[in-house]
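Chemist: sequence-free structure coming up:
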């Protein structure tokens, strides 16, 4: 290969890199993913339970279940529950708000996942503490087929 | 008006907890997709969903593009007495939907 050809190659590679970030999508580290929501507060494991299949054939439609152990009284209840993805183009998949009038906190829904990743369920109780549970999911077919 | 299906599993004593299952027909466009002509399909998701029981808000969900097309949602609501449960939602295109159900206590 002569120099010109090499340069063109490099150019092509550079363009490809910029145009298809999905192929090189990075998993967002946990601290950076949670920081916009929890700030400097500590996050503890426990109380939250995230149930999701280890293997998802199809990232377009992944069923999951989240429950938070809480007495749900006026003094002690779950304020918010967030579903986060460390690989989707928009990390916040859904946020749920409860009042003391809701009873036990248990949510089931179906999410889109853009590739194999870790899914986080983050809950804030009325005392301001943050609770976390996470689960790794292998996704055979990503929900992101375009350049996202 | 968006098409939806609502299922209510009656409250069991003594917890007075009613299970609500809601399925809405909606494409939940992410805004990352392109149509056959190559032009971007604009983002259109159901961004807010609320549940009111007897006029009081009992549940609120903020959804994003990370929720599947034809969103399904199951949650629990405390219903100490019989009453009406109203679910309302709105998408980015400004379209709204509503589903109502009469909740009566099973004894």
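Modeler: Here it is on my side, so go on. Please read these numbers as outputs of a predicted model, since none were measured by experiment.

Chemist: how about the residue of chain B found nearest chain A: what's its closest non-neighbour residue?
Modeler: Going by CB to the nearest CB, chain A is nearest to residue B:66 of chain B, at 2.8 Å. C-beta coordinates here come from the backbone N, C-alpha and C atoms, glycine included. In this structure, residue B:66 finds its nearest non-sequential neighbour in residue A:93, 2.8 Å apart by CB to CB, 6 or more residues apart in numbering or on different chains.

Chemist: equivalent analysis for residue B:42, please.
Modeler: residue B:31 (6.1 Å).

Chemist: okay, now the one you found: neighbour count?
Modeler: Residues near residue B:31, counting by other CB atoms under 10 Å in any protein chain shown, number 15.

Chemist: please apply the same query to residue B:69.
Modeler: Counted by other CB under 10 Å, the residues lying close to residue B:69 total 17.

Chemist: skip the chain neighbours and tell me the closest residue to it.
Modeler: Of all residues not flanking residue B:69 in the chain, residue B:28 sits nearest, at 4.6 Å (CB to CB, 6+ apart).

Chemist: before we move on, back to that, wait, isn't the residue of chain B closest to chain A in contact with residue A:111?
Modeler: Yes - counting by CB atoms under 8 Å, residue B:66 touches residue A:111, with 5.4 Å between them.

Chemist: now for those two: what residues contact both?
Modeler: A:83, A:85, A:93-94 (CB atoms under 8 Å, 6 or more residues apart in numbering or on different chains).

Chemist: strands along chain A, start to end?
Modeler: For chain A, the strands defined by DSSP state E occupy A:43-45, A:48-52, A:55-58, A:62-68, A:78-85, A:92-98, A:105-111, A:117-125, A:130-141.

Chemist: which residue does chain A bring closest to chain B?
Modeler: Closest point on chain A to chain B, by CB to the nearest CB, is residue A:93, at 2.8 Å.

Chemist: what pLDDT does the residue of chain B closest to chain A get?
Modeler: Looking at residue B:66, its pLDDT reads 93.

Chemist: report how many residues lie close to it.
Modeler: Neighbour count of residue B:66, defined by other CB under 10 Å: 26.

Chemist: mind listing what it touches?
Modeler: For residue B:66, the contacting residues are A:83, A:85, A:88, A:90, A:92-94, A:111-113, by CB under 8 Å, 6+ apart.
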